[in-house]
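Participant: coordinates only, sequence not included:
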């Protein structure tokens, strides 16, 4: 299997033939299930581990892994195991799972917060690599996995001084085989960045929903007039509440200063409005208009308006 | 022309055969141009008035009106004139335009803020009806108009004690002919509602862009990791700066209390985070998750996640 074709045509096989053994995937939700589909398309065997028998049966029917089991010993032959678990499962790992992880295998995770995961896992396994494929959330269940999910999406690893560099190379190889854009940074930088661009938007949008419902205008009217601008601004704020609170909990140390920074920025805009400084407000909105494409690429012309 | 077919199949012709004379449309941007296209499809003549000769020529090439002119006298035969102008044009109307508006004609506008428009216009014309078709912004230029823009979108009128009811009926008839959902409310209620659902999202998203760029995390990293959640939450915040500042200026009285309400709601969420009250935070996010479909309809399953 040395000729495994990468999904994006650019990946090079890493030292060590990890892909000649089945890859273990723990949890077959959106991330784990998608990974299982992609790996099998590449001709790589996948051992899926799930918690419940009913989930295992549904995963088998969807073909998410070559073999699906509720027994952790299914991971025994794997040289690479991906822990595609929600954050609470990563931070409080099942002792049976821990006992079943092969000591020589490379272990990585997919958690959206990295410092707490590293703190927990650096002592648990010598070949642990903290990583975060940024392609949706990990909780959408066994029906969610799709082929090609990682293509062109960032896959961030957060190595530290003690990280096994060969293990890091294996995870990079995995990421690039499924078409992801690989990058590395310190765990703290990752957590601060995702606090700003992923977790803060949840609270920002949630507060907007609450404000719209706060009774300042007739409730039926705000509901009738809300349109695409409001829908977009509140999409993640009205998203999965369990996931939102879990992320806030796991990334509290970065999210609190992000909220502070946000309050200050909003306060500066409010101050311009209070002082009726329309030139200043327009200048600030102009700078935001220039800033956004640096984060999300250029907008289509029809995307720039408000109703 | 008594058998004008409504675009949505439900409209009934209003008393008075306004549509047997050409309809005047002042400004042929997104709203005016779209209206011109729809009215002509219904067999109704359209007289378009624009400021510059070059614009007139482009509008003619696009067929946005039956007749396009830079001379206000083009409006002379109209029984209905729609002022499809940006807010500043409405609040400081051209004296030549005012002089050219037929005294017997029904006049309406499309401004996104209604109290200042009413204050200005109730003394300027006896048959003025303040209205707001909520279908994009009015500044996208003469290339922006499209047929069918108003279909299923709200068209709000804000009549007051002195409003001519026959004139109101004509505007309703116009709105329903182009397929819009007609509703009326007091101007103050309208302005408070749009402050919450349309103007506040601009500042909320703009502040998020500024916070993401505030240096709390490495600038290149936040740019690389920003994805669809950040893109959606900042779409209107990174939109047209001129339009955003104009709306803030014209709706300052409603937007300042909306900002206060927002700050309070955000503060309550931040307080839960500070106190590490994860049950409370999850409960509040759950209520937001329940709330959002009341405003924007149900989300597709893939819309509820965050990266």
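Facilitator: Thanks, I have the structure now. Please read these numbers as outputs of a predicted model, since none were measured by experiment.
Participant: could you pull out the strands in the stretch 101-250 of chain A for me?
Facilitator: Across the stretch 101-250 of chain A, reading from the start of the chain, the strands by DSSP state E, counting those that start in this stretch fall at A:106-109, A:128-129, A:131-133, A:154-157, A:181-184.
Participant: what number of residues lie near the residue lying closest to residue A:144 once chain neighbours are set aside?
Facilitator: Computed as C-beta to C-beta, 6 or more residues apart in numbering or on different chains, the closest residue to residue A:144 that is not its neighbour in sequence is residue A:30, at 3.9 Å. Where you see a C-beta, it was placed from the backbone N, CA and C, and this is true even at glycine. In terms of burial, residue A:30 registers 25 neighbours under the definition other C-beta atoms under 10 Å in any protein chain shown.
Participant: now swap in residue A:152 and tell me
Facilitator: Taking other C-beta under 10 Å as the criterion, the count of residues near residue A:152 is 10.
Participant: can you pull the phi/psi pair for it?
Facilitator: For residue A:152, the backbone dihedrals are phi 70, psi 10 (criterion: degrees, to the nearest 10).
Participant: is it in contact with residue A:181, as I believe?
Facilitator: Yes: taking C-beta atoms under 8 Å as the definition, residue A:152 is a contact partner of residue A:181 at 6.4 Å.
Participant: circling back: residue B:191 is nearest to which of the strands of the stretch 101-250 of chain A?
Facilitator: strand A:154-157 (41.7 Å; C-beta to C-beta).
Participant: anything in that closest one near chain B?
Facilitator: Yes: shown here: strand A:154-157 in contact with chain B (C-beta under 8 Å from any C-beta of the partner chain) through A:154, A:156.
Participant: what helices or strands is that strand leaning on?
Facilitator: For strand A:154-157, the packing partners by 3 or more C-beta pairs under 8 Å, 6 or more residues apart in numbering or on different chains; DSSP states H and E come out as strand A:131-133, helix A:165-177, strand A:181-184, helix B:219-225.
Participant: the most centrally placed residue in chain A and residue B:156, how far apart?
Facilitator: Ranked by distance to the mean C-alpha position of chain A (C-alpha atoms, centre = their mean), the top residue is residue A:134 at 3.9 Å. Spatial separation of residue A:134 from residue B:156 under the definition C-beta to C-beta, to the nearest Å is 40 Å.
Participant: pipe the strands of the stretch 101-250 of chain A into TSV and attach mean neighbour count per row.
Facilitator: What follows is the strands of the stretch 101-250 of chain A, written out as TSV (neighbours: other C-beta atoms under 10 Å in any protein chain shown):
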stretch	mean neighbour count
strand A:106-109	27
strand A:128-129	26
strand A:131-133	27
strand A:154-157	23
strand A:181-184	17
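Participant: so which of the ones you listed gets nearest residue B:173?
Facilitator: When the strands of the stretch 101-250 of chain A are ranked by proximity to residue B:173 (C-beta to C-beta), strand A:154-157 comes first, at 52.9 Å.
Participant: ok, residues contacting the closest one?
Facilitator: A:108, A:114, A:129-134, A:168, A:171-172, A:175, A:180-185, A:190, B:224-225, B:227 (C-beta atoms under 8 Å, 6 or more residues apart in numbering or on different chains).
Participant: distance from it to the middle of the chain?
Facilitator: Going by C-alpha atoms, centre = their mean, to the nearest Å, the spacing between the C-alpha centre of strand A:154-157 and its chain's C-alpha centre is 9 Å.
Participant: for that strand, what does the pLDDT average out to?
Facilitator: Looking at strand A:154-157 alone, the average pLDDT works out to 97.
Participant: what does stretch A:64-81 give?
Facilitator: 97.
Participant: could you look up the SS state of the residue nearest to residue A:147 when sequence neighbours are not counted?
Facilitator: Of all residues not flanking residue A:147 in the chain, residue A:37 sits nearest, at 4.4 Å (C-beta to C-beta, 6+ apart). With DSSP: H, G, I helix; E, B strand; the rest coil as the basis, residue A:37 sits in helix.
Participant: cool, residue A:25 as well?
Facilitator: What three-state DSSP gives for residue A:25 is strand.
Participant: surely it and residue A:32 touch.
Facilitator: Yes: between residue A:25 and residue A:32 there is a contact under C-beta under 8 Å: 4.7 Å.
Participant: the two - which one has more neighbours?
Facilitator: More neighbours surround residue A:25 than the other of residue A:25 and residue A:32, with 31 against 28 (other C-beta under 10 Å).
Participant: what's the distance between residue A:157 and chain B?
Facilitator: Note on residue A:157: its distance to chain B, by C-beta to the nearest C-beta, to the nearest Å, is 13 Å.
Participant: check residue A:25 too.
Facilitator: From residue A:25 across to chain B, the span is 19 Å (C-beta to the nearest C-beta).
Participant: could you check how far that residue is from residue A:50?
Facilitator: Here the criterion is C-beta to C-beta. By it, residue A:25 lies 9 Å from residue A:50.
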